[in-house]
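[1] only geometry, no sequence info:
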């Protein structure tokens, strides 16, 4: 599924496409994604095909000002 999300920082909104899958609907997929990433929790966020982390890590990246550059770099390719 391809969606458009909004990322807000300093009164700016970046509209970037992203994909979302409901891994909670299928226990085999849910357990498979945990094994694939070697990460025990969901949600899991991947940027440019690379596992970044879960909700807490993304929040920390945003607070430190590191998330926006990662997103811009991924979408500038």
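    Now that the structure is in, tell me what you want to look at. Quick caveat, the model's predicted, so the values are computed rather than measured.
[2] residue ranges for the strands of the protein, please.
    Using DSSP state E, the strands found in the chain span residues 2-9, 12-19, 45-47, 50-53.
[3] any idea which of those strands scores lowest on pLDDT?
    Mean pLDDT values for these show the minimum at strand 2-9, a mean of 44.
[4] Please name the spatially closest residue to residue 48 (chain neighbours excluded).
    The shortest distance from residue 48 to any non-neighbouring residue, by CB to CB, 6 or more residues apart in numbering, is to residue 74 (3.8 Å). In this view, the C-beta of every residue, glycine as well, is placed from N, C-alpha and C.
[5] Count the neighbours of the one you found for me.
    14 (other CB atoms under 10 Å).
[6] What's the separation between it and residue 17?
    Distance of residue 74 to residue 17, computed by CB to CB, to the nearest Å: 11 Å.
[7] Where does pLDDT dip in this structure?
    Counting by pLDDT under 70, the ranges of the chain that qualify are 1-14.
[8] switch the cut-off to 80
    Scanning the chain with the threshold set as pLDDT under 80 gives 1-18, 77.
[9] give the contact list for the residue nearest the centre of it.
    Centroid-nearest residue in the chain: residue 45, 2.9 Å away (criterion: CA atoms, centre = their mean). The contact partners of residue 45, by CB atoms under 8 Å, 6 or more residues apart in numbering, come to 51, 52, 53, 54, 57, 58.
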